[in-house]
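Q: the following comprises the amino acid sequence and a computationally predicted model.
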Amino acid sequence: MAAITASMVAELRAKTDAPMMECKKALTEAEGNMDKAEEILRVKLGNKASKAASRVTAEGVIAAAVNGDVGALIEVNCETDFVSKNDTFLGFVQSIAQLVADHNPVDVAALSALPLAMEDFGPTVEDVRKGLIGKIGENMSIRRFKRYAGGGQLAHYLHGVRIGVLVEYTGDGAAAKDVAMHVAAMKPVALTQADVPSDLIDKERSVATAKAAESGKPAEIAAKMIEGSVQKYLKEVSLFNQPFVKNDKQTVEQMLKAAGTSVASFTMFIVGEGIEKKQDDFAAEVAAQVAAAKGQ
C-alpha cells in the first residue's frame, strides 16, 4: 500500500477544500492516486471537491491581438505575480501575440525563432525572452497560443490579464462580445453537448455511477440517476445550453438567435490552468529545523 504523506493530504485539501481527515481517507482508498482520490471526494462530498478545475496554480499573462478576421490569443508564464505586472514583460507578451496573428507560426519553437527586436534584448523572440530573464531575474516561458484567420469575424474579451477569450462568429459584434464575456465567466468546455470531450463525459459518468451505487437504489432507478447526472453535466458545460450570464431567462443559443448571430468556435485561456506550482511547506520546514536543533 502506498504511503500517504502529510504533503499529499495538504495538496488534496488545497485542491478540493475537503476536510483533512476526508482527504486522508480518500487518498488511502485510492492508494495514493491523487486523481482517483479527488473523484472519491466528489462522490462523498458532492461538487465542492470540483474546485480543483478552476484553481490557478501559476503566474503569467494572457494577451490578444485581433484585426478583423485575423487574431491570436497567447499565454506566457512567469514565476510571480509581481513580474506579471511588469510593463516590459507585458509589452513582450503583447508583441508576440501580434507576431502570432501576423506570421502564423506552427508552434512555440517557430514563434521563438521569429524576429522581435525589443530594446537591447535581441533580434528574435527567444533572444528577447532570455534577455528579459537576465534583466528581471525570473524565469518565463511561452506556453501556448491559438490563431484564427479567415473563418469569420472575431470578438475577444480579456478579464485583466488572467483570462482571455476569442470567439469566431458571424453577425452582431456586440452579441459576440457578450458571448466572449460569458465564456470567461461561466467557463464552458464546448459549444454543444455533442462537442464535450469523451474523457470528461466518462469521468462524470464514473462519479455518477459511484454515487448511484452508494444510494442503494434498484438497478433501474440507479441507471436513470446516472443518465440524469450525465445529461445535467452536459447542459452545464456546453456553451449554447448555458443560461446567458446577462439574462438567465435565455440560453446563450436563444440570445444569439434573437441577435441574428452564430458562433462557430471559441478559445479560452486561463493563466496557469493545469500547471502545478511549487508550494513551500513552511510548517514542515519549521518542524525539520526544530528536529535538527534537538539532534545537535
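A: Perfect, I can see it now. From a predicted model like this one, the values you see are computed outputs, not experimental measurements.

Q: for this protein, what spans make up the strands?
A: 59-67, 70-78, 140-149, 153-159, 163-170, 243-244, 247-251, 262-270 (DSSP state E).

Q: which positions in the longest one come out as buried?
A: Burial within strand 140-149, assessed by neighbour count using 16 or more other CB atoms under 10 Å, is assigned to 140, 142, 143, 145, 146, 147, 148. C-beta here means a position set from N, CA and C on the backbone, and glycine is covered the same way.

Q: ok, now how distant is residue 6 from residue 86?
A: Note on residue 6: its distance to residue 86, by CB to CB, to the nearest Å, is 36 Å.

Q: do the same with residue 98
A: For residue 98, the distance to residue 86 - CB to CB - is 19 Å.

Q: what does residue 33 give?
A: Counting by CB to CB, the gap from residue 33 to residue 86 is 39 Å.

Q: the more surrounded of these two?
A: The neighbour count for residue 33 versus residue 86, taken as other CB atoms under 10 Å, is higher for residue 86 (18 against 14).

Q: where does the more buried one fall, phi/psi-wise?
A: The phi and psi values for residue 86, taken as degrees, to the nearest 10, are phi -70, psi 130.

Q: which residues are in contact with it?
A: residue 136 (CB atoms under 8 Å, 6 or more residues apart in numbering).

Q: ok, residue 60 - how many residues close by?
A: Applying other CB under 10 Å, we find 26 residues neighbouring residue 60.

Q: actually residue 97, not the one I wrote
A: Neighbours around residue 97, by other CB under 10 Å: 25.

Q: okay, it and residue 148: tell me how far apart.
A: 12 Å.

Q: joint contacts of these two?
A: Counting by CB under 8 Å, 6+ apart, the residues touching both residue 97 and residue 148 are residue 72.

Q: in CSV: the buried residues of strand 140-149, plus pLDDT and distance to residue 269.
A: Output for the buried residues of strand 140-149, formatted as CSV (pLDDT from 0 to 100; distance: CB to CB, whole Å):
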residue, pLDDT, distance to residue 269
140, 88, 16
142, 93, 12
143, 94, 9
145, 97, 9
146, 97, 8
147, 97, 13
148, 96, 13
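
Q: distance to residue 201 added to these, as CSV?
A: Shown next, in CSV, are the buried residues of strand 140-149 (distance: CB to CB, whole Å):
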residue, distance to residue 201
140, 36
142, 32
143, 27
145, 28
146, 23
147, 28
148, 27
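
Q: from these, which is closest to residue 199?
A: Taking CB to CB as the measure, residue 199 lies nearest residue 146 of the buried residues of strand 140-149, at 20.3 Å.

Q: which residues are in contact with the closest one?
A: 72, 73, 74, 166, 267, 269.

Q: and of those residues, the nearest to residue 260?
A: Using CB to CB, the contacts of residue 146 come closest to residue 260 at residue 166, 20.9 Å.

Q: mind checking pLDDT for that closest one?
A: Reported pLDDT at residue 166 in the predicted model: 97.

Q: for it, list the residues it contacts.
A: 64, 66, 71-73, 146, 148, 154-156, 180, 266-267.

Q: one more time with 6 Å, if that's ok
A: Residues near residue 166 by CB atoms under 6 Å, 6 or more residues apart in numbering: 71, 73, 156, 267.

Q: just the buried ones from those?
A: For the contacts of residue 166, buried by 16+ other CB under 10 Å: 71, 73, 156, 267.

Q: roughly how far does the last one sit from residue 27?
A: Residue 267 sits 35 Å away from residue 27, taking CB to CB as the criterion.

Q: do the same with residue 229
A: Taking CB to CB, one finds residue 229 at 25 Å from residue 27.

Q: who has more neighbours, the two?
A: The neighbour comparison of residue 229 against residue 27 (other CB under 10 Å) goes to residue 27, with 24 against 17.

Q: next, count neighbours for residue 67.
A: 11.

Q: any regions of the stretch 1-150 of the chain where pLDDT drops low?
A: Across the stretch 1-150 of the chain, the ranges flagged by pLDDT under 70 are 1, 14, 16-19, 45-57, 119-121.

Q: re earlier: and which of the contacts of residue 166 is nearest residue 136?
A: Taking those together and measuring to residue 136 by CB to CB, the closest member is residue 73, at 23.6 Å.
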